[in-house]
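Q: Got a predicted structure plus its sequence, pasted below:
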Amino acid sequence: MMTPLFQQIITYGLLPTVALTSGGLLALSIRLGTQARSAILHFAAGVVFSVVAVEILPDIVRLHDPWLTVVGFGLGIGLMLLIRHLTESSAETPDSTSTKGSTPGSFPIAFLLAIGVDLFIDGLLLGIGFAAGAKEGILLAFALGVEVFSLGLATVTSLREDGISRSRVIRLLLSLSGTFFVSTLIGATLLHNLPEQGLDIVLSFGLAALLFLVTEELLVEAHESKEKPWLTAMFFGGFLLFLIIGMIA
């Protein structure tokens, strides 16, 4: 029999999950122009960067273990760079003369894995937040709902731009949503009693993955179109929004 707290975790854990799916389906049903796509990517990058500043960095500093932070961060950035190298190497075949998005069904593996790690870490944070207190968990659920909604928009927009079929995008979107929900349950149960050393490594690993996602994926794609001041402002708007929500929470 589930405890009231666990029922509450499931209920509020579904909020960001539904927000992620809704954002993706919205991007799937509306054909966005180049500037709208760039604005969404800028906004999502700002929100993710704010998550790093508001939710992850303070916890890493509080744990105060430089060596474990180096280990976790090194593992995270090493994995992302390795994935980037392997995916770029496989794409650079002699007969690979097609332009981006011209091969239906192909997709950027590094981008998807970075999004997946982001969502996994977000879910862990939400689960741990509920374990720390119901009020903190509820507020964090609403804050993460804003983040993953914009991530859903950005992810599906990018995948459709790469020429991936509608059915495949939906399957990927549902997989990402499931990743977030499962990691929330893991954070609320298994990681609640995780030693601080293990938590430091997990958070440092996530920190590296999120920074990679912002600097090497979201902003790179956002800058493929002609840059305008209001598009740049979307990044800072996303950062400020989550910062304010984090302060309230």
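A: Received it, and whenever you're ready, just let me know what you need.
Q: neighbours of F239, just the number please.
A: Using other CB atoms under 10 Å, F239 has 21 other residues around it. For every residue, glycine as well, the C-beta is placed using N, CA and C.
Q: swap in L28?
A: Residues near L28, counting by other CB under 10 Å, number 18.
Q: from what I can see it touches S158, true?
A: No. Counting by CB atoms under 8 Å, L28 does not reach S158; the two are 11.9 Å apart.
Q: After whichever helix in the chain runs longest, which helix or strand is next? Please name it.
A: As assigned by DSSP state H, the longest helix anywhere in the chain is helix 134-161. Remark: after helix 134-161, the chain's next helix or strand is helix 166-188, criterion DSSP states H and E.
Q: now the angle from that following helix to helix 134-161?
A: Relative orientation of helix 166-188 versus helix 134-161 (axes from the mean of the first three to the mean of the last three CA atoms, to 10 degrees): 160 degrees.
Q: Show me what helix 166-188 is packed against.
A: helix 4-29, helix 109-132, helix 134-161 (3 or more CB pairs under 8 Å, 6 or more residues apart in numbering; DSSP states H and E).
Q: From what I see, L15 and V146 are in contact.
A: No. Look at L15 against V146 with CB under 8 Å: they stay out of range, at 10.5 Å.
Q: hmm, back to that, and the longest helix of the chain, what's buried?
A: In terms of neighbour count (16 or more other CB atoms under 10 Å), helix 134-161 has its buried residues at 137-141, 143-160.
Q: same question, stretch 69-86
A: Those would be 69, 71-73, 76-77, 79-80, 83-84, for stretch 69-86 by 16+ other CB under 10 Å.
Q: average pLDDT for that stretch?
A: Across stretch 69-86, pLDDT averages out at 88.
Q: what would the helices and strands packed on helix 166-188 look like in JSON lines with mean pLDDT?
A: Formatted as JSON lines, these follow (pLDDT from 0 to 100):
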{"stretch": "helix 4-29", "mean pLDDT": "85"}
{"stretch": "helix 109-132", "mean pLDDT": "79"}
{"stretch": "helix 134-161", "mean pLDDT": "80"}
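Q: Which of these sits closest to V47?
A: Across the helices and strands packed on helix 166-188, the minimum distance to V47, taken as CB to CB, is reached by helix 134-161, at 4.7 Å.
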